[in-house]
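Novice: Provide a 3D model corresponding to the input given below.
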Amino acid sequence: MAKNKTTETENSVVDFINLVPDEVKRNDAFELIKMMQQQTGFEPKMWGPSIIGFGSYHYKYESGHEGDAPLAAFSPRKAAITLYFSLSAEDREELIAKLGKHKPSKGCIYIKKLADIDLEILKKMVLLSVKNLNKLYPSN
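Specialist: You can find the predicted model right below:
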């Protein structure tokens, strides 16, 4: 079975963010850290070379593939800030409609900057993601 590329590392979150060339994206990343830390109760950790995650859960699929992943995460990528969540279909549909300017994808949401979205909706998404993952994988 293939080894997961995205695993928790000991790399410095602050050092990683300080390397983000875009000042707005860098400042937004520090704001996201504060908000996600407050919503999850977990310290930020680097997952792989470019994802900042909060907390973790262990998953195991019917196929036998298993691993660990963050309960909530983001990455300040060049094109956009990528937000990683696991929401129920019902919650996802309702909240995405209220989020603001974004591009949705199956497992993540892309935003250009925090000023484009409703931060209260984002906070709710983070809380619901943690709740959903703890329900799906209760051994955490």
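
Novice: Assign the residue most central in space within the chain to helix, strand or coil.
Specialist: Closest to where the C-alpha atoms of the chain average out (Cα atoms, centre = their mean) is Ala73, at 1.9 Å. Using DSSP: H, G, I helix; E, B strand; the rest coil, the structure places Ala73 in strand.

Novice: Who is it paired with across the strands?
Specialist: Bridge pairing for Ala73 (DSSP bridges) gives the partners Gly53, Tyr84.

Novice: residues contacting it?
Specialist: Contacts for Ala73 (Cβ atoms under 8 Å, 6 or more residues apart in numbering) come out as Trp47, Ile51, Ile52, Gly53, Phe54, Leu83, Tyr84. C-beta coordinates here come from the backbone N, C-alpha and C atoms, glycine included.

Novice: Poorly predicted segments of this structure, please.
Specialist: 1-5, 140 (pLDDT under 70).

Novice: And Met36, how far from Tyr59?
Specialist: Plainly put, Met36 is 20 Å away from Tyr59 if you go by Cβ to Cβ, to the nearest Å.

Novice: Ramachandran angles for Glu8?
Specialist: Backbone geometry at Glu8, expressed as degrees, to the nearest 10, gives phi -60, psi 140.

Novice: Now do it against Ser139, distance only.
Specialist: According to Cβ to Cβ, Glu8 and Ser139 sit 17 Å apart.

Novice: cool, and Pro104?
Specialist: Counting by Cβ to Cβ, the gap from Pro104 to Ser139 is 29 Å.

Novice: neighbour-wise, which of the two wins?
Specialist: Pro104 (12 against 8; other Cβ atoms under 10 Å).
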